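*Asks:* Below are the sequence and a predicted model for it; my questions follow.
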Amino acid sequence: MKIEQRIDEAVAPLREKIRDLEQSFSQKYPPVKFLSEKDRKRILITGGAGFVGSHLTDKLMMDGHEVTVVDNFFTGRKRNVEHWIGHENFELINHDVVEPLYIEVDQIYHLASPASPPNYMYNPIKTLKTNTIGTLNMLGEYTNPTVI
């Protein structure tokens, strides 16, 4: 009995250290509401790592939706959404909306655009392409004029 007790005494601090390490490494997310499959929407946010997009991402994630953020990080920052990385309802795609993106979603929030004069004056052609071609790319199949 004494040997088992000594082993337990020696192992107990190690178990506690392991438990502390596991807790420190486990990703902690803000509280997320549970939505049933029929109520949960798949939502795409372009420019989702920007100021407005990241706040919209937070709101939609906490509401329980599946959110895909698309950003090329021209003005957005990964740190704005990194607290969601690894969450099962979140995906981050490094992509420029000037190039087509084929993804099936229920809603699109197209917020990709350099939003301050220094940023859009730095490369005005890129800004125009993001705002026009990017919008057409995000509309995808819905650009067909026969769709009502």
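*Replies:* Everything's here; your move.

*Asks:* Doesn't residue 45 lie inside a strand?
*Replies:* Yes: the assignment for residue 45 by DSSP: H, G, I helix; E, B strand; the rest coil puts it in a strand.

*Asks:* how near is it to residue 15?
*Replies:* Distance from residue 45 to residue 15, counting by Cβ to Cβ, to the nearest Å: 43 Å. The way it works is simple: take the backbone N, C-alpha and C, and place the C-beta from them, glycine included.

*Asks:* more crowded one of these two?
*Replies:* residue 45 (26 against 10; other Cβ atoms under 10 Å).

*Asks:* Find the nearest non-adjacent residue to that one, please.
*Replies:* residue 109 (4.7 Å; Cβ to Cβ, 6 or more residues apart in numbering).

*Asks:* contacting residues around the one you found?
*Replies:* Taking Cβ atoms under 8 Å, 6 or more residues apart in numbering, we find residue 109 in contact with 43, 44, 45, 46, 48, 53, 56.

*Asks:* Pipe those into JSON lines and attach distance to residue 135 and pLDDT per row.
*Replies:* As requested, the contacts of residue 109 are arranged in JSON lines below (distance: Cβ to Cβ, whole Å; pLDDT from 0 to 100):
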{"residue": "43", "distance to residue 135": "17", "pLDDT": "97"}
{"residue": "44", "distance to residue 135": "13", "pLDDT": "96"}
{"residue": "45", "distance to residue 135": "14", "pLDDT": "97"}
{"residue": "46", "distance to residue 135": "9", "pLDDT": "96"}
{"residue": "48", "distance to residue 135": "16", "pLDDT": "97"}
{"residue": "53", "distance to residue 135": "15", "pLDDT": "97"}
{"residue": "56", "distance to residue 135": "17", "pLDDT": "98"}
